[in-house]
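In: need a structure here:
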Amino acid sequence: MMHGDQDFDDGEGDLLSPLTETEFLQLLLRDFHDDLPGRITRLRYLADQAGTLGSAGAMIVGGSPAYNAYTEARSSFVNGNYAATIILCQAMAENLLAAAVRLDGTEVPNRVAFAETLRLCEAKGYVTRPDCEALKKLANLRNPLAHYRSLDDPTHVDRRSLNEKTHFLEILERDAFFAVALIMHILSKRPFRIGS
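Out: Alright, predicted model coming up:
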């Protein structure tokens, strides 16, 4: 949606916010500037990971759910939204892999369990046993972010933080780097890779 000059206020806050458009812009610019070196590092990491794709890139099957999860995961990663990156990478993996199996002519049940998708993909040679283990790890990183876990649960990010004596954001960052690298690795494989 495009905005015209009439969409911006005249320096007054609106009914729902005391901030003016200029103040929102200042907040946005401050937010962007504060982590600029980190954003550049993460964007460079994505570019490096993309080097593993085929010469013409990769084909993302799975329709708009897989494609949007991929593009939003990349954006979330660059912007330092690590929990979103992990959740989106897992959503992309589930849609991408199940759709690839289905495109090959194999019947895939609606709402297929991820373990079954992995079994089918391994049988077709789309992923290896180590790939399956890494994808299971990704699912295990996503689950405590998407579903309630008590603090006693060893997969809860705060429990991991206490156990590792590491700030929870460092753990999420590490997990997000893993998730992005894994997705790019999967996209570099048959049947997704395009070109040499």
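In: for the longest helix along the chain, packing partners?
Out: Scanning the chain for the helix with the most residues, using DSSP state H, yields helix 82-103. Counting contacts by 3 or more Cβ pairs under 8 Å, 6 or more residues apart in numbering; DSSP states H and E, helix 82-103 packs against helix 63-78, helix 114-124, helix 129-146, helix 168-187. For every residue, glycine as well, the C-beta is placed using N, CA and C.
In: could you dump the ones you listed to JSON lines with mean pLDDT, distance to D48 and mean neighbour count?
Out: Shown next, in JSON lines, are the helices and strands packed on helix 82-103 (pLDDT from 0 to 100; distance: least, Cβ to Cβ, whole Å; neighbours: other Cβ atoms under 10 Å):
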{"stretch": "helix 63-78", "mean pLDDT": "95", "distance to D48": "13", "mean neighbour count": "18"}
{"stretch": "helix 114-124", "mean pLDDT": "96", "distance to D48": "25", "mean neighbour count": "18"}
{"stretch": "helix 129-146", "mean pLDDT": "97", "distance to D48": "18", "mean neighbour count": "16"}
{"stretch": "helix 168-187", "mean pLDDT": "96", "distance to D48": "9", "mean neighbour count": "19"}
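In: a markdown table for the ones you listed, including distance to I87?
Out: Shown next, in a markdown table, are the helices and strands packed on helix 82-103 (distance: least, Cβ to Cβ, whole Å):
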| stretch | distance to I87 |
| --- | --- |
| helix 63-78 | 8 |
| helix 114-124 | 14 |
| helix 129-146 | 5 |
| helix 168-187 | 9 |
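In: Figure out which of those helices is closest to D35.
Out: Of all these, helix 63-78 sits nearest to D35, with 9.8 Å by Cβ to Cβ.
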